[in-house]
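**Q** only geometry, no sequence info:
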């Protein structure tokens, strides 16, 4: 009986560890804007300003990704997202499962 309890508790602990590793939460796109290309910095041609609401915080972010990544992004659309441990990057899962890393430049709590 004790062995059974030990084995079951191991399964519970392993399951909890896997559940914590995928801590994405639904985040809603609040604002989405493509930044105009700068002739002096062509590496920033595909730049975006994106605001996303995750829980009760709105994160203002910058992203540099190809236009194909954001084809179906619109205001009020939801994507799974999480803030990294450093608090400087918002990771968002796109519809195809790709994780997009966006630099957090500001955050606020709406009133």
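**A** Yep, it's here. A quick note: this is a predicted structure, and the numbers were derived from the prediction, not measured.
**Q** which is the succeeding secondary structure element to the helix or strand bottoming out on mean pLDDT in the chain?
**A** Lowest mean confidence among the helices and strands of the chain (mean pLDDT, DSSP states H and E): helix 2-21, at a mean of 48. Downstream of helix 2-21, the next assigned helix or strand under DSSP states H and E is strand 25-35.
**Q** which parts of that next one are buried?
**A** 27, 29, 32 (16 or more other Cβ atoms under 10 Å). In short, each C-beta sits where N, CA and C put it, glycine included.
**Q** between those residues, which is nearest residue 53?
**A** Among the buried residues of strand 25-35, residue 27 lies closest to residue 53 (Cβ to Cβ), at 6.3 Å.
**Q** contacts only, for the closest one.
**A** Counting by Cβ atoms under 8 Å, 6 or more residues apart in numbering, residue 27 touches 52, 53, 54, 78, 79, 80, 81, 90, 92.
**Q** residue 78 against residue 26, yeah?
**A** Yes - counting by Cβ atoms under 8 Å, residue 78 touches residue 26, with 4.9 Å between them.
**Q** next, format the buried residues of strand 25-35 as TSV and append pLDDT and distance to residue 68.
**A** Listed next are the buried residues of strand 25-35 as TSV, based on pLDDT from 0 to 100; distance: Cβ to Cβ, whole Å:
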residue	pLDDT	distance to residue 68
27	97	21
29	97	17
32	95	15
